[in-house]
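1. Following is a predicted model, sequence given first.
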Amino acid sequence: MEHKGIQILSVILILGLSALTEGEEAPAPCRCNVDPKTRTNCGPPGISPEECRNSGCCFSSEVPDVPWCFTPLPKKYKKVCIEEIKLRTNCGYPGISAELCEARGCCFESRPPAVPWCFYHLQVQEGN
């Protein structure tokens, strides 16, 4: 009876973990350019390409003896100074100079009037 209980708990655990990964976004192709020697396994043996990608991992069976379902490279972000005035978040105060604003690591744009001229960068995922 104890063995059967362990099996049931195992099934529940597997279903629970699979529910956590359902709906994961497949990584961008550039994030799957991982050197086969440095791949980190991201799925159980025998996982299908579709299951692998649905869990947010990369799949490539081209190289033998390495993980075929593997962890993608981390997302890369870049800082951009946004043009859209409504999205600006104030980083300074009225009358701040461009030099002081940029020394704070912020963007400076002295137009139009009556909007934040010194504002925070926006983090944008590269490739988007």
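-> Yes, it's here. Residues are numbered from 1 along each chain as shown.

2. For the rest of this, base every contact and every neighbour count on C-alpha atoms.
-> OK.

3. Tell me who's in contact with Asn90.
-> Applying CA atoms under 8 Å, 6 or more residues apart in numbering to Asn90 gives the contacts 116-120.

4. what bridges to it?
-> Judged by DSSP bridges, the bridge partners of Asn90 are Phe119.

5. Roughly how far does it sit from His121?
-> Distance from Asn90 to His121, counting by CA to CA, to the nearest Å: 10 Å.

6. next one: Cys30
-> Note on Cys30: its distance to His121, by CA to CA, is 24 Å.

7. quick check, nearest of the contacts of Asn90 to Ile96?
-> Sorting those by distance to Ile96 puts Cys118 at the head of the list, at 7.4 Å, by CA to CA.

8. Tell me how many other residues crowd that closest one.
-> 27 (other CA atoms under 10 Å).

9. got any ranges where this structure has weak pLDDT?
-> Within the chain, the stretches with pLDDT under 70 are 1-25, 127-128.

10. So which residue is smack in the middle of it?
-> With distances taken as CA atoms, centre = their mean, the residue of the chain nearest its centroid is Lys75 (4.5 Å).

11. and the protein, what are its domains?
-> Annotated domains of the chain cover 22-74, 77-125 [automatic domain parsing].

12. re the thing from before, between Cys30 and His121, point out the one with more neighbours.
-> In this view Cys30 and His121 are compared by other CA under 10 Å, and His121 has more residues nearby, 18 against 11.

13. what's the nearest residue to Ile85 if we skip its chain neighbours?
-> Of all residues not flanking Ile85 in the chain, Val115 sits nearest, at 7.2 Å (CA to CA, 6 or more residues apart in numbering).

14. so that neighbour sits right up against Glu83, yeah?
-> No: using CA atoms under 8 Å, Val115 is not in contact with Glu83; the gap is 11.9 Å.

15. Name the residues contacting each of those two.
-> Residues touching both Val115 and Glu83 by CA under 8 Å, 6+ apart: none at all.

16. So for those two, which sits in the more crowded spot?
-> Between Val115 and Glu83, Val115 has the larger neighbour count (other CA under 10 Å), namely 16 against 9.

17. so the more buried one is in which element?
-> Assigned by DSSP states H and E, Val115 belongs to no helix or strand.
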